[in-house]
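Chemist: from the sequence below, what's the structure:
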Amino acid sequence: MRWIGLGVALLAILNAISLGGPVRAFVDLPGMLFVVLVGGGIIIASHGSEGLSLVVRAITKRLSAKQVRRAQNVAETGIRSFLAAAWIGFLIGIIQGLPRINEPIQIRDMLAVSSLTLLYGSVFAYLFFMPLSRSLSNVAANRSNRSPADTLHAARRDCQTHR
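Modeler: Here you go, the predicted model:
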């Protein structure tokens, strides 16, 4: 059922993009690369490269209860880091773009390109990391017979002692 919900959300986003005009207006490779590098960099800075690889393994393999809690904490960090990367990219775009504006109509184009990082970061955070975090929370709760909220607190505690 979760995959259906994720698919519906993704189709709704793609439908809105295709109905609004040319799809290429939503593609900005430097902005996408910025969000991925900054978001991923924050995750690596917070959890190390093994934290990022643990999230990848969580998608494809069965993990121990401790690994599930740690992967869930990394996924929670992913939500925050990709949203932060989105806003940082947006602000950099605004700051770089405003001095170059000669005519008021150029503000529209500058805002459109700057806003793409917000879109990319939100898609990564809410369509990848949030469902992954909730899924891992449920797995950990089922294994330990605790509530998902208790499992999140345990995951954070485990990551703090792991450092």
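Chemist: residue contacts, the most centrally placed residue in the chain?
Modeler: With distances taken as C-alpha atoms, centre = their mean, the residue of the chain nearest its centroid is residue 125 (2.5 Å). Counting by C-beta atoms under 8 Å, 6 or more residues apart in numbering, residue 125 touches 78-80, 82-83, 86. C-beta here means a position set from N, CA and C on the backbone, and glycine is covered the same way.
Chemist: helix, strand, or coil at it?
Modeler: Three-state call for residue 125 (DSSP: H, G, I helix; E, B strand; the rest coil): helix.
Chemist: which residues of the protein score low on pLDDT?
Modeler: Within the chain, the stretches with pLDDT under 70 are 145-163.
Chemist: now the helices for the protein?
Modeler: For the chain, the helices defined by DSSP state H occupy 2-19, 29-60, 65-97, 105-124, 130-144, 148-162.
Chemist: take those and write them to TSV, including mean neighbour count.
Modeler: Below are the helices of the chain laid out as TSV (neighbours: other C-beta atoms under 10 Å):
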stretch	mean neighbour count
helix 2-19	11
helix 29-60	17
helix 65-97	21
helix 105-124	17
helix 130-144	19
helix 148-162	16
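Chemist: shouldn't residue 84 be in contact with residue 43?
Modeler: No - Residue 84 is beyond contact range of residue 43, at 10.8 Å (criterion: C-beta atoms under 8 Å).
Chemist: for the spatially closest residue to residue 59 that is not a sequence neighbour, list the residues it contacts.
Modeler: In space, and not counting its chain neighbours, residue 59 is closest to residue 132: 7.1 Å by C-beta to C-beta, 6 or more residues apart in numbering. The contact partners of residue 132, by C-beta under 8 Å, 6+ apart, come to 55, 58-59, 75, 78.
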